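Engineer: I would like the atomic coordinates for the input below:
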Amino acid sequence: THHSPLNQHLHHIGKSTSPCCPFCPEIMETIPHFLFDCHQYTRECHVLSNALCHKANFLTYLLMPEEAISPLMRYINSTGRFKTTFSEILD
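Structural biologist: Next up, the predicted model:
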């Protein structure tokens, strides 16, 4: 559904002035960009990859199996990106 507290969705519902990533101003802040491509979160992405190996590169894997939930929640918390919306997300 693409509903997330990232700028692409927030802009769509009128809660953000831009759909772009605050760290990559020419790129839409989508879920895949946040999880895999944003240079701001390189360290966090590396930690997630270490926890889940090559499977960490697949959105469908990150959002489905139970074993991916804790590493994904740690990634989200460590970026601080959702903190203003959700505070800390428990894993």
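Engineer: Which positions in stretch 21-39 come out as buried?
Structural biologist: By 16 or more other C-beta atoms under 10 Å, the buried positions in stretch 21-39 come out as C21, E29, T30, I31, H33, F34, L35, F36, C38. For the C-beta atoms, the positions are set from N, CA and C on the backbone; glycine is no exception.
Engineer: low pLDDT regions in the protein?
Structural biologist: For the chain, the stretches with pLDDT under 70 are 1-2, 85-91.
Engineer: longest single helix anywhere in this structure?
Structural biologist: helix 66-79 (DSSP state H).
Engineer: which one of the buried residues of stretch 21-39 is nearest V47?
Structural biologist: Closest to V47 out of the buried residues of stretch 21-39 is L35 (12.5 Å), distances taken as C-beta to C-beta.
Engineer: what residues are up against the closest one?
Structural biologist: L35 sits next to C45, L48, L59, L62, Y75 when contact means C-beta atoms under 8 Å, 6 or more residues apart in numbering.
Engineer: Which entries within those residues meet the buried criterion?
Structural biologist: For those, buried by 16+ other C-beta under 10 Å: C45, L48, L62, Y75.
Engineer: quick one: which two of the residues you listed are the most distant?
Structural biologist: Across the buried ones among the contacts of L35 (C-beta to C-beta), the longest gap, 11.4 Å, separates C45 and L62.
Engineer: what is in contact with these two at once?
Structural biologist: L35, A56.
Engineer: and S4, how many neighbours?
Structural biologist: Neighbour count for S4, taken as other C-beta atoms under 10 Å: 16.
Engineer: should've said Q8
Structural biologist: So Q8, with other C-beta under 10 Å, has 20 neighbours.
Engineer: wait, it sits on P22?
Structural biologist: No. Q8 is beyond contact range of P22, at 11.9 Å (criterion: C-beta atoms under 8 Å).
Engineer: Need the residues touching each of these two.
Structural biologist: E29.
Engineer: so F23, which of the three states?
Structural biologist: What DSSP: H, G, I helix; E, B strand; the rest coil gives for F23 is coil.
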